[in-house]
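**Student:** Need the 3D shape of this:
(one chain, ligands or ions: 2)
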Amino acid sequence: MSLEIVNFTLGPVLTNAYLIADSETHQAAVIDPAWDGRLILVEAQKRSWQIGQLWYTHAHFDHIGGAAEIAAALNPPPVVALHPADYSLWQAQGGAPFFGFHIDPGPQPSVHLEHDQKLQLGSLIFNVRHTPGHSPGHVVFYCSTESVMFCGDLIFQGSVGRTDLPGGDWLTLTESVLTQVFTLPDTTRLLSGHGPETTVGEEKAFNPFVGGL
Ligand SMILES: [Zn+2]
Ligand SMILES: [Zn+2]
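**Tutor:** Ligands and ions are numbered 1, 2, ... in the order given. Below you'll find the predicted structure:
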């Protein structure tokens, strides 16, 4: 078994969407279907991957803007997983109107994520970690056997998620990074919601906001 990852950078604020699959079973999920769902669908079809789940790190509009297009093309419709503390944000189109956008948020979340929950994709297991600070219901998805974490807008290469939007809090974000990210092995890959891939060790050493703490 192994995890395959296809990265897309999409939408008005260049958000990373990750199409992931178990290479043996071809079962696939989309972590943050950011924008242009059609492009993600085409890639999945090309690889004969079956998208069955949409996992949201959080409900900001730039992370869910492609969900409706993906869901409309799938039968059965995909399962949608979100932490309940971001549900009101999801209902408010992820804050899109605040930034002058309109999005269709797609199907209702039906899996209510909680800390330490296990999500399964084929034979792969992902651990859900609640990491508030950027938004109240922000989570990250960690696959220990593959040494990879999908960390949304919690931490980026050399930066961290903004905390000035509704529900954001700086100290909470810092605490989430220290307890849920910096406790992992240094070689763990961090795949963020914006910008390039990094590692735990690199951010511990060089991140000017949370490094060296
Ligand atoms: Zn965000
Ligand atoms: Zn974002």
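
**Student:** ok, residue 47 - how many residues close by?
**Tutor:** Neighbours of residue 47 under the rule other Cβ atoms under 10 Å: 15. C-beta: built from backbone N, CA, C; applies to glycine.

**Student:** residues in contact with the nearest residue to residue 125 once chain neighbours are set aside?
**Tutor:** Distances taken as Cβ to Cβ, 6 or more residues apart in numbering put residue 118 closest to residue 125, at 5.5 Å, once the chain neighbours are dropped. Contacts for residue 118 (Cβ atoms under 8 Å, 6 or more residues apart in numbering) come out as 125-128.

**Student:** Tell me the pLDDT of residue 118.
**Tutor:** Looking at residue 118, its pLDDT stands at 98.

**Student:** Tell me how far it lies from residue 143.
**Tutor:** The gap separating residue 118 from residue 143 is 11 Å, by Cβ to Cβ, to the nearest Å.

**Student:** and for the two, which residues touch both?
**Tutor:** 125-127.

**Student:** which SSE is residue 70 in?
**Tutor:** helix 67-72 (DSSP states H and E).

**Student:** circling back: most neighbours, which of the shared contacts of residue 118 and residue 143?
**Tutor:** The residue in the shared contacts of residue 118 and residue 143 with the most neighbours, by other Cβ under 10 Å, is residue 126 (25 neighbours).

**Student:** which element follows the strand or helix carrying it toward the C-terminus?
**Tutor:** In the assignment (DSSP H and E), residue 126 maps to strand 124-130. Tracing the chain C-terminally past strand 124-130 and defining elements by DSSP H and E, one meets strand 139-143 next.

**Student:** and that next one, anywhere near ligand 1?
**Tutor:** No. Judged by Cβ under 5 Å from the ion, strand 139-143 stays clear of ligand 1, getting no closer than 12.2 Å.

**Student:** List phi and psi for the residue nearest to residue 125.
**Tutor:** phi -100, psi 130 (degrees, to the nearest 10).
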